[in-house]
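A.B. asks: this one's sequence-less:
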C-alpha cells in the first residue's frame, strides 16, 4: 500500500499541512518537527509528488472556496460569480462543501494547504479563531468573522434589516416578526437582526435552525403562523420566505392580504423564478469582485484592511407585500448615517 501524506502526518504526530511545509521548505518550523516528519517519511517510504515539488516558489494558480452548502441557490450563484472573476485573473478553483461540519472544514483547509493553493475564500465558520490563524495561505471571508486578522466582505446587513422593517411598517402591518436561521450574532449576518430590532424593538425574532430537515422546518413555521398569528414576516433568507408563503397558502392565509412577506438575498433565481417575492437584494456581482480583488492583493503581499467592506443593499419589490404610495415600484436603497 502506497503511503499518503496523511499517513506521514499521523506517524509524525503533526498536521498534513505541516508535512507539506516540510516538503516544500515553506514557513518557519522547528528542527525537531522537521526531523520527525523526515523520519516518518523514511519509515513509510513516502515519496513526495515531484510535480508538486516542481512548483516550489511558483504559483499553482489555484484558489480554494469553502462554503456551507453549495446546493443552496445563494451560495451556488455566489460561487459561480467568484469562479468567473478568478478565471478572468488566471486562477482555477477547488470547491469545498463544509456542510456545517467542523471536522470536514478542518480537513478541507488542510487539503487546500497541502495542494499549495494561492488563497482561500471562505463563507463557512465552524472552527475556532486559532484554526484560521494557523492557515498560511491568504484568506478572505464572506459574511463570517473568522478571525480579527481576516478581512470580511458582506452586504450591509444592518441596513438590510432596517429596510425590511421600515418597508413592512409602511404597509400598515401591526404584528411583525422576523424568522432567522442559525444564530449568527457573532457574524455580519447577525446585523440583520440588529437592524430589524432598531426599527421594531418589541417585535419577536424567532430562530428556525438552518440545520432542521425540510419537514421539521415546515412544522416550526406552521406553529409560528398558527400561534403567533403575524400579519407580516421578515425572513432572513429567500428560501425561508418562499416556505412561509407556501405554508401560509396551505393554511388558507392569503398573501399579501393577510400576511406580508419579505426575504433576503435576491438572487438571479429568485428574481426570475419567484418575482412575486419582495426581498432585500444583495449585490452579488460587486461582492464577488471585491472579494477577489482583496484576495489578489493579499496574494501579492499587499496590506489589506480587515474591516469596512459593507456593500449597499436594495429592495427588490414583489407582490408578497402591499405598497403604500410612499413605496416605489423600483429598486429602493437605504442610506444610514
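C.D. replies: Received the coordinates, thanks. These figures come from a predicted structure and were not determined experimentally.

A.B. asks: Any idea what residue 176 is bridged to?
C.D. replies: As for beta bridges, residue 176 partners with residue 232 under DSSP bridges.

A.B. asks: any idea how far residue 285 is from it?
C.D. replies: Residue 176 sits 31 Å away from residue 285, taking C-beta to C-beta, to the nearest Å as the criterion. C-betas here are computed from N, CA, C, even on glycine.

A.B. asks: With neighbour numbers in mind, choose between these two.
C.D. replies: residue 176 (23 against 14; other C-beta atoms under 10 Å).

A.B. asks: show me what contacts that one?
C.D. replies: With contact taken as C-beta atoms under 8 Å, 6 or more residues apart in numbering, residue 176 is in contact with 165, 168-169, 200, 203, 230-234.

A.B. asks: Please repeat the previous calculation with a cut-off of 7 Å.
C.D. replies: Under the criterion of C-beta atoms under 7 Å, 6 or more residues apart in numbering, the neighbours of residue 176 are 168, 200, 203, 230, 232.

A.B. asks: Likewise for residue 28?
C.D. replies: With C-beta under 7 Å, 6+ apart, residue 28 has no contacts at all.

A.B. asks: cool, residue 14 as well?
C.D. replies: 33, 36-37.

A.B. asks: which one of these sits closest to residue 114?
C.D. replies: residue 37 (12.9 Å; C-beta to C-beta).

A.B. asks: from the chain's centre, how far out does the helix or strand hosting the closest one sit?
C.D. replies: Using DSSP states H and E, residue 37 sits within helix 31-44. Using C-alpha atoms, centre = their mean, to the nearest Å, the mean C-alpha position of helix 31-44 is found 38 Å from that of the whole chain.

A.B. asks: Output the below-cut-off pLDDT ranges for the chain.
C.D. replies: 1-2, 47-58, 126-127, 129, 183-186, 323-337 (pLDDT under 70).

A.B. asks: From residue 112, how far off is the residue nearest the centre of it?
C.D. replies: The chain has residue 123 as the residue nearest its centroid, 3.2 Å off, counting by C-alpha atoms, centre = their mean. Look at residue 123 and residue 112: by C-beta to C-beta, they are 14 Å apart.

A.B. asks: returning to that earlier point: so how do I select the buried members of the contacts of residue 14 in ChimeraX?
C.D. replies: Burial among the contacts of residue 14 is assessed by 16 or more other C-beta atoms under 10 Å; the matching ChimeraX selection reads:
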select :33,36,37
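
A.B. asks: who touches stretch 69-87?
C.D. replies: 63, 65, 67-68, 93, 95, 97, 99, 121, 123, 237, 265, 267-269, 284-285, 287-289, 291-292.

A.B. asks: same thing but at 8 Å, please
C.D. replies: 63, 65, 67-68, 92-93, 95, 97, 99-100, 121, 123, 142, 237-239, 265, 267-270, 284-285, 287-289, 291-292.

A.B. asks: what's the answer for stretch 294-309, then?
C.D. replies: Contact with stretch 294-309 is made by 59, 63, 89, 118-119, 121, 138-140, 148-154, 290, as judged by C-beta under 8 Å, 6+ apart.

A.B. asks: Go through these and flag which are in strands.
C.D. replies: Those of the contacts of stretch 294-309 mapping onto strands are 63, 119, 121, 139-140, 152-154, per DSSP state E.

A.B. asks: Could I get those residues in TSV, plus columns for distance to residue 133 and neighbour count?
C.D. replies: Output for those, formatted as TSV (distance: C-beta to C-beta, whole Å; neighbours: other C-beta atoms under 10 Å):
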residue	distance to residue 133	neighbour count
63	20	29
119	16	20
121	17	25
139	10	22
140	15	28
152	15	21
153	19	26
154	21	23
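
A.B. asks: Out of these, which is nearest to residue 216?
C.D. replies: Closest to residue 216, out of all of those and judged by C-beta to C-beta, is residue 154, at 28.0 Å.

A.B. asks: do you know how far the closest one is from residue 89?
C.D. replies: Applying C-beta to C-beta, the value for residue 154 to residue 89 is 22 Å.

A.B. asks: Go through the contacts of residue 176 and say which is closest to residue 158.
C.D. replies: Out of the contacts of residue 176, the member with the shortest distance to residue 158 (by C-beta to C-beta) is residue 200, at 13.9 Å.

A.B. asks: Now for that closest one: which residues touch it?
C.D. replies: Neighbours of residue 200 in contact, by C-beta under 8 Å, 6+ apart: 165, 169, 176.

A.B. asks: Turn those residues into TSV, including distance to residue 193.
C.D. replies: Output for the contacts of residue 200, formatted as TSV (distance: C-beta to C-beta, whole Å):
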residue	distance to residue 193
165	11
169	17
176	13
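
A.B. asks: quick one on the thing from earlier: the helix holding residue 37 packs against which elements?
C.D. replies: Using 3 or more C-beta pairs under 8 Å, 6 or more residues apart in numbering; DSSP states H and E, the elements in contact with helix 31-44 are helix 5-12, helix 16-24.
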